[in-house]
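[1] Pasting the sequence and the predicted model now:
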Amino acid sequence: MSGHSKWATTKYRKGAQDKARAKLFAKLIRQVEVAAREGGGDINANATLRTMYQKARDASVPSDTIERAIKRGTGELEGVRYEAVNYEGYAPSGVAVIVETLTDNRNRTGADVRNLFSKNGGSLAEPGAVSWQFERKGVVVVHGGDEERVMEVATEAGAEDMTQDGESFVLTCAPGDLSALRAALEAAGLAIDSSDLSLEPSSTVSIADEGEAKKVLRLIEAIDDHDDVQAVHANYDIPEEVLAGFYG
């Protein structure tokens, strides 16, 4: 899930994710498998696989489980063949939403996603309707550290922007610079909370009303909980106290 308040949202969702660790592992393993199938099993030559491998390790997926997923992706082990399908739509209050899925049955997943939008006050849109409002970026979240030091290291390693969210610093970069940025930050002794590829909104929809915000978050949560959904990106801007109340 992502949006203007993504990192606050992630913080409040962590407890729920811990309870659903098996589902989270399954989604991450699927991402690794598809990355290996599309770009090969060598993490040094396949930047997407390298990112997904690190994402899985950050979530404590066992190394041998990841290695088996890579082998299924390259065909060394038998496995289900997944394809990437994205869906676009709108949540309540006109919030733009992009849903990234990996599925072995496009018709089933499409019908499920449409139903989830409809049941939760949103609507599915045609391809291209909202994607122009988002741009693919690499995102690294650094926990703590001196602001000037973080900025110095990040700038030298290709970071394009840095914002602060509580004790964390959120750095964005071009997708191809993600691994190098993370490596430079780690080499400088900085603590990495997460690193991932994300779709970042070019503009946001501010939602101050708690009732309206909860409608948006309920739709996002319902879609994100689907087994085939790998990520949900939305351009909401919801106050942190509202997020805390929703996830608390």
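    Cool, got the structure. All values derive from a computational prediction rather than experimental measurement.
[2] tell me the SS of the spatially most distant residue from the centre of the chain?
    What lies farthest from the middle of the chain is E76; by C-alpha atoms, centre = their mean that is 28.0 Å. Of the three states, E76 takes coil according to DSSP: H, G, I helix; E, B strand; the rest coil.
[3] Just list the residues touching it, thanks.
    Residues in contact with E76, defined by C-beta atoms under 8 Å, 6 or more residues apart in numbering, are G41. The way it works is simple: take the backbone N, C-alpha and C, and place the C-beta from them, glycine included.
[4] I'd like the numbering to begin with 683 instead of 1 from here.
    Okay, residue one is now 683; in that scheme the one you just asked about reads as E758.
[5] quick one: low-confidence ranges for the chain?
    Across the chain, the ranges flagged by pLDDT under 70 are 683-702, 930.
[6] which residues in it form helices?
    Remark: helices assigned in the chain by DSSP state H are 688-701, 703-721, 729-740, 745-756, 788-801, 829-838, 860-869, 892-906, 922-929.
[7] I'd like to know which elements the last one is packed against.
    This points to helix 922-929. helix 688-701, helix 892-906 (3 or more C-beta pairs under 8 Å, 6 or more residues apart in numbering; DSSP states H and E).
[8] Only the buried residues of it, if you could.
    Under the neighbour-count criterion of 16 or more other C-beta atoms under 10 Å, helix 922-929 has 924-925, 928-929 buried.
[9] ok, and the closest non-adjacent residue to R754?
    G761 (3.3 Å; C-beta to C-beta, 6 or more residues apart in numbering).
[10] How much space separates the one you found from V714?
    The gap separating G761 from V714 is 11 Å, by C-beta to C-beta, to the nearest Å.
[11] and if you look at W814?
    Going from W814 to V714 by C-beta to C-beta gives 29 Å.
[12] So for these two, which sits in the more crowded spot?
    A count of neighbours by other C-beta atoms under 10 Å puts V714 above the other of W814 and V714, at 27 against 10.
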